[in-house]
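Undergrad: starting from these lines, generate the structure:
(chains A, B, C and D, ligands or ions: 4)
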Amino acid sequence: MQILRYAVYRFGTMLLTLLVVSALIFAIINLPPGDYLSNQIAELKSTGQSAGVAKAEFLRKEYALDRPLWEQYLIWVGFAPGPHGFSGLIQGNFGWSFEFDRPVAEIVGDSLWLTVLVNLAAVLFVYMVALPLGVLAAARSRTWVDYSSAFVGYLGLATPNFLLALILFYYGHRYMNLPIGGLMDPSFEGQPMSWDKVQSILWHLIVPTFVIGTSGAAAMMQRLRANMLDELGKPYVETAIAKGMSPRRMLTKYPLRVAFNPFVADIGNLLPSMVSGSVLVSVVLGLQTIGPTLLTALRAQDQFLAGFVLMFVALLTLIGTMISDVLLVLLDPRIRYEGRDA
Amino acid sequence: ADLQESPYWAEKIGKGELPAISERVPAEPLVVDLEAKGRTSGTPGGTLTTLVSRDKDIRMMVVYGYARLVGFDKDYNLVPDILASVDVQEGRVFTLHLRKGHRWSDGAPFTSADFAYWWDDVANNPELSPSGPPDFLRIDGKYPTVTTPDETTVVYAWDAPNPLFLQTLAQARPPFIYRPAHVMKQFHQKYADPTGLAEAVADARVKSWAALHNGLDNMYDFDNPELPTLQPWVNTSDGKKIRHQFVRNPYYHRVDSHGIQLPYIDVVEMEIVSGGLIAAKANAGETDLQGRGLDFRDIPILKKGEADGKPYRTLLWANGTASQIAIYPNLNCADDTWRTVLRDVRVRRALSLAIDRAAINRALFFKMAKPGAMSVLPQSPFFEEENREAWAAFDTAQANALLDEAGLAKKGGDGIRLLPDGRPMELVIEVAGERQEEENALQIVTDTWREIGVKLVMRPLDRDILRNRVYAGTSMASAWFGWDNGIPQAYTSPDYLAPRQQEFFAWPKWGQFYQTNGGAGEPPDMEAPKRLLDLSHEWEQTTDDTRRAEIWQEMLKIHADNVFGIGILNEAPQPIVVSTKLKNVPESAIWAWEPGAHFGIHRMDEFYFEGGKK
Amino acid sequence: MTPLLTVENLSVGFGRADPVVRDVSFEIMPGQTLALVGESGSGKTVTCRAILRILPRVARIHSGRILLNGRDGPRDLATLSQRDLRAVRGDTVSMIFQEPMRSLSPLHTLGNQVAEVLWLHRGASGGDAKKQVLDTFARVGFPDPERAYGSYPFEMSGGMRQRAMIAMAMVGKPDLLIADEPTTALDVTTQAQVLGLIKELQQETGMAMILVTHDLGVVANMAEQVVVMHKGRVMESGAAAAVLGDPAHPYTRQLFDAAPAIPANPEFVPEPPHDDLILELKNVNKTYTMRAKSSWKAQVLIRACRGVDLALPRGTTLAIVGESGSGKTTAARIALGAERPDEGGEVLFKPERGSAAIAVHDLNRTARTAFQKQAQMVFQDPYSSLSPRMRILDALCEPLEIHGIGSSSERRDRAAQMLAQVGLTSDMLMRYPHAFSGGQRQRLSIARALMLNPSLLVCDEPTSALDVSVQEQILCLLEDIRDRLGLSYLFISHDLAVVARIADEVAVMRQGLVVEQAPPETLFHNPRHPYTKALIAAQPTPDINRPINLKLVAQGAGAPESWPEAFRFSETVVPSLMQVEPGHKVRCHV
Amino acid sequence: MSRLPDGRYVDDAPYDPNLSIQTIERKDLDAPARVLVWRKFKTHRLGLISGIFLLFCYLMLPFAGFIAPYSPNERYSDNLYSPPQGIHLWHEGKFVGPYVYAMTSEPNMVTFKWEFKPDTSTPQKLSFFCKGSTYDLAGLIPTDRHLFCAPEGVTVFLLGSDRLGRDMFSRILYGAQLSLTVGLIGITVSFVLGIFFGSVAGYFGGGIDWVINRMIEILRSLPELPLWLALSAAVPSNWGPVSVFFIISVILGILDWPGLARSVRAKFLSLREEEYVRAAEMMGASSGRVIRKHLLPNFMSHLIASATLSIPAMILGETALSFLGLGLRAPAVSWGVMLNDAQNLVNVEIYWWTALPMLPIIIVVLAFNFLGDGLRDSLDPYEH
Ligand SMILES: Nc1ncnc2c1ncn2[C@@H]1O[C@H](COP(=O)(O)OP(=O)(O)OP(=O)(O)O)[C@@H](O)[C@H]1O
Ligand SMILES: Nc1ncnc2c1ncn2[C@@H]1O[C@H](COP(=O)(O)OP(=O)(O)OP(=O)(O)O)[C@@H](O)[C@H]1O
Ligand SMILES: [Mg+2]
Ligand SMILES: [Mg+2]
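TA: Ligands and ions are numbered 1, 2, ... in the order given. Modelled structure (predicted):
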């Protein structure tokens, strides 16, 4: 019963937050001067392509872009009727993408799993690199091991992603015959999963993973190191040593376990940072993830597409936060009993 | 010659899914004599890969394919293409004759009904086209009467001449004045079964039948494989993809003189990659034909790939705009002093004279472009060397003299001239910060202008913002391309030379005045522009090509003399990567959107792979 | 017999600074207990840690040998390789650290942490190890070993955790146990339980022990040998009886003199007149609703004070004693107006004799300022009650600044004067708190409390963090000030001996209730309430001849349900405070 | 030392029972916290080196014009894409002092590359404290002295030149002026906001805390990208590069504050429970005073450490923004702008030195990291 109440409460705040977020998103998208269609029309006129103008005019009417902003917002969310009655987000109509000229849902659907895939690979990479290095750096803090792992980590962080991507692609293709760009060989697109397809995807993932991963790894490593150092100063570590444990075993059993909790707490933030963080890389690498789609949409002020993607990310973040709360409760017995301050 | 069956369709024909070649091509196909054009006839087959950077760029296949009702040939003459012929009476009645037996790519006959459907049920349907039929069909505010006397004849008749009608049909982005009626009628309220239509609307997650109709009706966007086409290649891939496949149109209307149906190449694959990677991929030999997405600065890397033995050649075509980079002093600038100063032709001439075009050419284009003022290119019949050279030599002494003469002799302490009102002469040039070469060129101009006491301040903006600022008269000057069409012919409208378009950044207000019929902007109040206006009007009135040519020449002269737009250089090289096996690609040519449709005018359907395979 | 452990001329230092442990030597026979005594910072912990070489990275053993004559023959732990040392740690020699809460990993169950010793050293399998651990848990007195096995540290009380620590140290059946102040954090009854337990286990297994403490009472009850340390050096060492009975070194003597004790022979003092009360708490209740931190749990009501009635006559000391969490601090905070009592409670304060009472429970802004000038507080922890970023001068002047009293030079003079009053010199004004010892800091906070010339001082366990000799100094100081300045104290402690020394009246609290109240003489010699009795019995005295019966004491007062009918109380039914003799009130049913 | 007959051991060194009250216990800690921090920080060698390096970098900023042989937009149109020129000391076995070779360039019409030939016959000696292009020293004093320059008609491009023949070395120096300060401004903004909201939430708790937490949650649930785009679109289009730069730093700061606010809040929550805070409250100190005098000073060191750790993020943020075309634009020079120019295969493969601005970014980011690490380590010098 209590849990139910809690869930209802959390859900309530989530809806409220979402509502605020939706208004914010709408405002943000419409902050740059003009809108997609007027820009489109100006562009068409300036290049003398009068033929396209008619269609743009049609869309402007169809999607109520000729109305005041606040009305557009209400129509978009679904609080007010549009030219064809209520059909906004809450009615399950995600809108139309002007840029891609098809329903928003169709565009997002495709790139979503790719986003997840790429970022999953990157997160795995981050963990694989950052965990051992971070632990090592903490265990050997202030020695050359520590410094050199920081150096390696920050090298990845400080190298601008887009340059790194370009460099890796060029030389990767040259010397290792790695593919340039994309997430799989186009011939596998739309094909059912097969071993060859998986191989192709893995092969294509190498560079993106590396590029996205390196920047994350450094940050993660440093955080892990700091957390570990904090934990290493705690008396229970000495207790463990007094038991006669070997340092390695002690390190992985005790402080690492505790130092890891903050990462779980961060799951909720993973998504927006994944979407933002990998945009540049995805743009450079030509990955068909949601990031470049969002960037295009924002640049072109393709408002329904951008709005939907952002709402979606926000929703996932909020849900992610909830999940991480639950996970934390599962992972950290202290919270289970004592509760945790917000 | 006898028609030959294409091996690509052999299987389908064998199964009876496709009729034989003789049934497919029109009764009188367009026969291309390749040898006469100086090309070789090829072997059909092969898959061509090309790259684009945006999803929506798959419509480039409509541009490259370049099947138009009438199209430009390589000398920029208008010739019938899809149409068998066109009769023009008094420049106002156009009788379009279709080819008998011409079919859509799905095999349905292509007839005058398709034209009628567009005119009656699309262009004039207020729900589908809220703003009515397109502008180019409106002459003096009136639309033509469109009639279809028989299956293969369509008549567009105006009261007054419409000199632009045919040219517009030949554009890179053509106005499709026909629709596959047999397909689109299923989604038209007037013809479709209401319940079926309602279901389709719901399925497509759109809000009305009009949205559905418009959404599917993508002759140009080319993203609806259900929509039959007349282009050489047919889109077969739906949705958001990394690679789109375009398969030869079995009903295409062109054949070569050996009876082989064009296009030679069976499949075109268009791969969507990030813009930054096109050069890298080209360098790796992963494209067979590439112009778009490559830039002058990519040439070394392309040449390097060639040298490394990758199977491609890098051709250098010339850009077709009148000027690669041009500076437009705003004659309608809101700032009074600046407006007066910039309207002084001596000032504009001085600014032009003080540009070291050779240095820019060297720094930016390896000396491969042609320095010169903004005028037409040598490919145009109106080209005159003297126009290109007018006020385009690098001569700071003369420039200084001109400025002194213009009453700007006074200089401030830092050597910058003072305006009549005492402000320093700091000319802010606004640019769309998307082209590096523009910024680089202005950087060089900054240095040489300093020598004549003019301080150039460059301000990069977004394209849309730039446009709005120019239209509002807020900006003093801006940099942009020159006239889009650098190779006008007598039939080309000289609109864009006259103060009739705000899109010409030197006179936005005059352009608005004309475009809005006096509703906004201001009327031209200088002699030369007025004359330009008159001339362009006269061009519209006359149907006589020699008179039109004269008008063109006079207008170009006025421009050369008045330096309304300060051109810096033109014919900048455009790298074109071509697979070594790909034949019939011209060694040197013009790379232009309008007129020319990039590869379109070079007839991509005539390109072929040596031996029919890649 | 060969000693189990011999420490010879051990010197340990941090970095390049002078060694903090110098030339320490002692030896322990198997089965014996050696007590390491000395004030805070004298190097006890460092010495112990040096034995197992669990020292901070900067620490270095300068010289000395640590010979362990264990199962594998004699070895010098000071030079042993890390690998061999690992085999010794937790196996031959095990250690209990000072703070039980923080010495256990919060994310692992007790069972896991304890059984680990067996996995490490005995190669025991899961089930086998668990059986042994459950055994040990039962031995150290967990009522439900199975439950304890699966519990996390924070689910247990401090005493329970300390038991778990002991279990961890014992489960490997070591030859030597090093226990670093195993009971300091515990209240007396729990302390007695733990000590009793250790002693019992020791007798059973024949294990030797080094017991670190600064409580001489504990020493008297536990040790055969004593080593007295001061500033890193051994002052005196020898058999417990001899050292305690007849201290030879002046420091030892001083230390023993300082140890407070519940006086053996009561001298009845006439009851002071009760007509002028400076502070009065009437029917004070305080209920905290723990905003259920995790929103899905029910709110918890904590009744920190229940119907507390207290009266403090001017110029006297009222002490509140009671176990941890019994509501002492809450009562003090309410008395100071820092917390509002529940509806119905009243706190009245009379700044001067005969003046109108201020209703502390209901103050407006100006009244609060006025009141705050009169009533000050001395905090328990001398280390955290002074801001580390403030000079002594600023810290002392702060109350004056807040109340806008005096010019800056006047404030400065007053601060210097106050320092002198608490026995410090005025050249310390410009220093920072971290340069001072705990005792000095406590003096500083007393000085700060006195800056405003208050008439009431609330001391919340002002000496519990200090060792006996310093504690003695502070108590003397407080007494001295009280007498000189006519202050009244509300004195909170859980140490009965301290209270016996300073208080005029004592209130014993348990679970928010005052269970017994009387002048110390009466209370200590005629305690009525079972809880009071248990408290007194558990108080160890530094006298070998008066050992406390650890076994008996270990049972403590137990839960109220186990008390005689007359004293029982529950959440709802609470007997009232009855006067059993003049000035002696007990909470019982008649 | 002596042994009593009963085997007891007694120390016989002189002992004064009263000494301990009057003497300072831990002389080693007898100093203000910042001295102690410094003392401890000094032992963190890498942190110290980084700190000195950064200090040097910042001190150099006003004198970038002096050290740089050229001004940032000075072009040498005969030396486009000149590779780095080495500085030599010996010529044909003789010591001649620092000199360079004159370079002549030739376009290669086959490879479309500029080819440079050094004229190795004559060493061109560098001159020092020589006259060159004018610039404003420290942004104030106009002067034309440079640390070193090449003789007339010869160039000295230590790190090569870019596509317009501008000296990479000089541009990197000038770029530092913007790139290194973006961080500071951004940090200031984010700190002001973060400290304000964090401390209000942490100290007062309750409803305010809830609202601020929601704000943070909302800001965090939006990807940064649209915020960047929107905020930079809100910058008036006609602003000059420096104002745009300023606004960008502010934007970076605005987006950065929630993280900081959270840590401030957490820290405040724990500091509030310290007894010295309680003590001040009981003495009647106002909340403002408590925050100012007790909480902030004790929190400052953490702030400084987290500041040093966020500056790299700001510097990198600027390069990312420049890449998106939202950041600085020519003619302004920053490392981000320079890298933005270099994000092309040609620059990576053929004119590799144009990608060199990566190096200072990496070095500075690393230095800040080590500095922050060192600071963090030495924050609580009086802890046991
Ligand atoms: N990590 C350290 N760095 C520097 N000095 C230290 C460190 N740990 C302890 N010391 C110093 O060593 C001396 C001895 O400390 P130790 O902890 O052994 O005292 P103790 O007798 O156990 O005191 P307590 O009763 O407070 O536990 C003290 O002066 C202390 O300041
Ligand atoms: N602010 C508060 N919110 C909730 N519960 C509190 C609060 N303050 C005290 N309590 C609870 O009230 C009870 C009495 O606490 P109090 O601090 O008065 O005990 P104490 O006798 O002073 O203990 P100690 O000896 O440990 O200082 C405890 O259970 C404590 O957890
Ligand atoms: Mg200790
Ligand atoms: Mg307390």
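
Undergrad: from A:Asn93, how far off is the residue of the stretch 201-350 of chain B found nearest chain C?
TA: Residue nearest to chain C within the stretch 201-350 of chain B: B:Arg205 (38.8 Å; C-beta to the nearest C-beta). Every residue, glycine included, has its C-beta placed from N, CA and C. Taking C-beta to C-beta, to the nearest Å as the measure, B:Arg205 falls 7 Å from A:Asn93.

Undergrad: what residues are shared contacts of the two?
TA: Between them, B:Arg205 and A:Asn93 share no contacting residue under C-beta atoms under 8 Å, 6 or more residues apart in numbering or on different chains.

Undergrad: quick one: contacts for C:Glu479?
TA: C:Glu479 sits next to C:Ile502 when contact means C-beta under 8 Å, 6+ apart.

Undergrad: does it count as helix, strand or coil?
TA: helix (DSSP: H, G, I helix; E, B strand; the rest coil).

Undergrad: other SSEs contacting the longest helix out of those in chain D?
TA: Longest helix of chain D, by residue count under DSSP state H: helix D:168-204. Helix D:168-204 is packed against helix D:45-60, helix D:64-67, helix D:206-221, helix D:241-272, helix D:296-323, helix D:335-342, helix D:358-377, with contacts defined by 3 or more C-beta pairs under 8 Å, 6 or more residues apart in numbering or on different chains; DSSP states H and E.

Undergrad: most tightly packed of these?
TA: Mean neighbours per residue, mean count of other C-beta atoms under 10 Å in any protein chain shown, is largest over those for helix D:335-342, with a mean of 26.

Undergrad: is that one anywhere near chain B?
TA: Yes. Using C-beta under 8 Å from any C-beta of the partner chain, helix D:335-342 reaches chain B at D:Asp341.

Undergrad: and that helix, how far out from the chain middle?
TA: Distance of helix D:335-342 from the chain centroid (C-alpha atoms, centre = their mean, to the nearest Å) equals 18 Å.

Undergrad: now it against helix D:296-323, angle please.
TA: Interaxial angle of helix D:335-342 relative to helix D:296-323 (axes from the mean of the first three to the mean of the last three C-alpha atoms, to 10 degrees): 20 degrees.

Undergrad: related to what we said a few turns ago, so which of the helices and strands packed on helix D:168-204 gets nearest C:Gln579?
TA: Smallest distance to C:Gln579 across the helices and strands packed on helix D:168-204 (C-beta to C-beta): 42.6 Å, for helix D:241-272.

Undergrad: what strand or helix carries B:Lys530?
TA: Using DSSP states H and E, the element containing B:Lys530 is helix B:527-541.

Undergrad: mind giving me the packing neighbours of that helix?
TA: In terms of contacts (3+ C-beta pairs under 8 Å, 6+ apart), helix B:527-541 is packed against helix B:545-562.

Undergrad: next, A:Gly35: phi, psi?
TA: Careful, residue A:35 is Asp; it's not Gly. For A:Asp35, the backbone dihedrals (degrees, to the nearest 10) come out as phi -140, psi 170.

Undergrad: neighbouring contacts of stretch A:168-188?
TA: For stretch A:168-188, contacts defined as C-beta under 8 Å, 6+ apart pick out A:114, A:117-118, A:194, A:196-197, A:200-201, A:203-208, A:210-211, A:285-288, B:241-243, B:269, B:271, B:273-274, B:277, B:280-281, B:284, B:286, D:345, D:348-349.

Undergrad: this completes my enquiry, with thanks.
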